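Visitor: sequence below, structure please.
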Amino acid sequence: MTSYGSSPAASSGSRTNGLAIASLCCGIVGLFILNIVLGPLAIVFGAVARRQAAVKNGAGMAKAGIVLGIVDVVLWLVLLAVAASNDGFSWYVGG
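Guide: Numbering: from 1, shown residues only. Just a heads-up that it's a prediction; the model follows:
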(Lines give C-alpha, C1' and ligand atoms only; values in the text may rest on other atoms or scores of the structure.)
Protein backbone atom coordinates (compact mmCIF):
# COMPACT_ATOMS: atom_id res chain seq x y z
CA MET A 1 0.00 0.00 0.00
CA THR A 2 1.40 3.38 -0.95
CA SER A 3 0.72 6.58 0.86
CA TYR A 4 -0.71 9.63 -0.81
CA GLY A 5 1.83 11.91 -2.46
CA SER A 6 4.81 9.57 -2.45
CA SER A 7 6.42 8.44 -5.65
CA PRO A 8 8.54 5.32 -6.15
CA ALA A 9 11.34 7.40 -7.68
CA ALA A 10 11.65 9.57 -4.59
CA SER A 11 11.92 6.61 -2.28
CA SER A 12 14.50 4.71 -4.34
CA GLY A 13 17.39 6.43 -2.56
CA SER A 14 19.55 7.05 -5.65
CA ARG A 15 20.62 10.62 -5.16
CA THR A 16 23.46 12.49 -6.82
CA ASN A 17 26.40 13.41 -4.63
CA GLY A 18 26.17 17.05 -3.54
CA LEU A 19 29.93 17.52 -3.70
CA ALA A 20 29.91 16.39 -7.34
CA ILE A 21 27.29 19.02 -8.12
CA ALA A 22 29.26 21.66 -6.21
CA SER A 23 32.43 20.70 -8.08
CA LEU A 24 30.74 21.02 -11.44
CA CYS A 25 29.14 24.36 -10.52
CA CYS A 26 32.43 25.78 -9.20
CA GLY A 27 34.19 24.65 -12.37
CA ILE A 28 31.64 26.23 -14.68
CA VAL A 29 31.34 29.53 -12.80
CA GLY A 30 35.13 29.63 -12.40
CA LEU A 31 35.51 29.86 -16.16
CA PHE A 32 33.98 33.33 -16.01
CA ILE A 33 34.76 34.84 -12.59
CA LEU A 34 37.08 34.17 -9.63
CA ASN A 35 38.87 31.31 -11.36
CA ILE A 36 41.79 31.27 -8.90
CA VAL A 37 39.36 30.61 -6.02
CA LEU A 38 36.75 28.43 -7.70
CA GLY A 39 39.22 26.31 -9.69
CA PRO A 40 40.94 24.72 -6.67
CA LEU A 41 37.57 24.37 -4.94
CA ALA A 42 36.25 22.45 -7.94
CA ILE A 43 39.30 20.17 -7.85
CA VAL A 44 38.97 19.46 -4.12
CA PHE A 45 35.20 18.94 -4.22
CA GLY A 46 35.57 16.67 -7.25
CA ALA A 47 38.30 14.57 -5.61
CA VAL A 48 36.23 14.06 -2.47
CA ALA A 49 33.14 13.25 -4.53
CA ARG A 50 35.08 10.66 -6.57
CA ARG A 51 36.10 8.94 -3.34
CA GLN A 52 32.44 8.81 -2.35
CA ALA A 53 31.34 7.60 -5.79
CA ALA A 54 30.85 4.03 -4.55
CA VAL A 55 28.23 5.23 -2.07
CA LYS A 56 26.46 7.91 -4.11
CA ASN A 57 26.03 8.66 -7.81
CA GLY A 58 27.87 11.49 -9.52
CA ALA A 59 31.28 10.15 -10.56
CA GLY A 60 30.90 11.71 -14.01
CA MET A 61 30.01 15.10 -12.60
CA ALA A 62 32.94 14.88 -10.20
CA LYS A 63 35.34 14.09 -13.03
CA ALA A 64 33.97 16.98 -15.10
CA GLY A 65 34.37 19.30 -12.10
CA ILE A 66 38.00 18.24 -11.68
CA VAL A 67 38.72 18.86 -15.36
CA LEU A 68 37.00 22.25 -15.29
CA GLY A 69 38.89 23.16 -12.10
CA ILE A 70 42.19 22.38 -13.82
CA VAL A 71 41.10 24.48 -16.81
CA ASP A 72 40.26 27.33 -14.41
CA VAL A 73 43.72 27.26 -12.83
CA VAL A 74 45.46 27.06 -16.22
CA LEU A 75 43.32 29.93 -17.50
CA TRP A 76 44.33 32.01 -14.48
CA LEU A 77 48.01 31.25 -15.11
CA VAL A 78 47.66 32.26 -18.77
CA LEU A 79 45.92 35.51 -17.83
CA LEU A 80 48.62 36.19 -15.24
CA ALA A 81 51.35 35.60 -17.84
CA VAL A 82 49.63 37.91 -20.33
CA ALA A 83 49.27 40.60 -17.68
CA ALA A 84 52.93 40.25 -16.68
CA SER A 85 54.08 40.57 -20.29
CA ASN A 86 52.04 43.75 -20.68
CA ASP A 87 53.66 45.49 -17.69
CA GLY A 88 51.00 44.44 -15.21
CA PHE A 89 47.42 45.41 -14.66
CA SER A 90 46.17 48.93 -15.10
CA TRP A 91 42.75 50.16 -14.14
CA TYR A 92 41.48 53.27 -15.86
CA VAL A 93 38.62 54.90 -14.03
CA GLY A 94 37.46 58.35 -14.87
CA GLY A 95 37.02 60.70 -17.74
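Visitor: and the helix or strand of the chain with the lowest mean pLDDT, what does it pack onto?
Guide: Here the helix or strand of the chain ranked lowest by mean pLDDT, DSSP states H and E is helix 59-85, holding a mean of 91. Applying 3 or more C-beta pairs under 8 Å, 6 or more residues apart in numbering; DSSP states H and E, one finds that helix 59-85 contacts helix 18-30, helix 35-51. (Glycine included, C-beta is placed from N, CA and C.)
Visitor: can you redo those as JSON lines with distance to residue 75, mean neighbour count and mean pLDDT?
Guide: Output for the helices and strands packed on helix 59-85, formatted as JSON lines (distance: least, C-beta to C-beta, whole Å; neighbours: other C-beta atoms under 10 Å; pLDDT from 0 to 100):
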{"stretch": "helix 18-30", "distance to residue 75": "8", "mean neighbour count": "22", "mean pLDDT": "94"}
{"stretch": "helix 35-51", "distance to residue 75": "6", "mean neighbour count": "21", "mean pLDDT": "94"}
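Visitor: I'd like the ones you listed laid out as CSV, including distance to residue 64.
Guide: Formatted as CSV, those follow (distance: least, C-beta to C-beta, whole Å):
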stretch, distance to residue 64
helix 18-30, 6
helix 35-51, 8
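Visitor: isn't there a helix covering residue 93?
Guide: No: read with DSSP: H, G, I helix; E, B strand; the rest coil, residue 93 is coil and lies in no helix.
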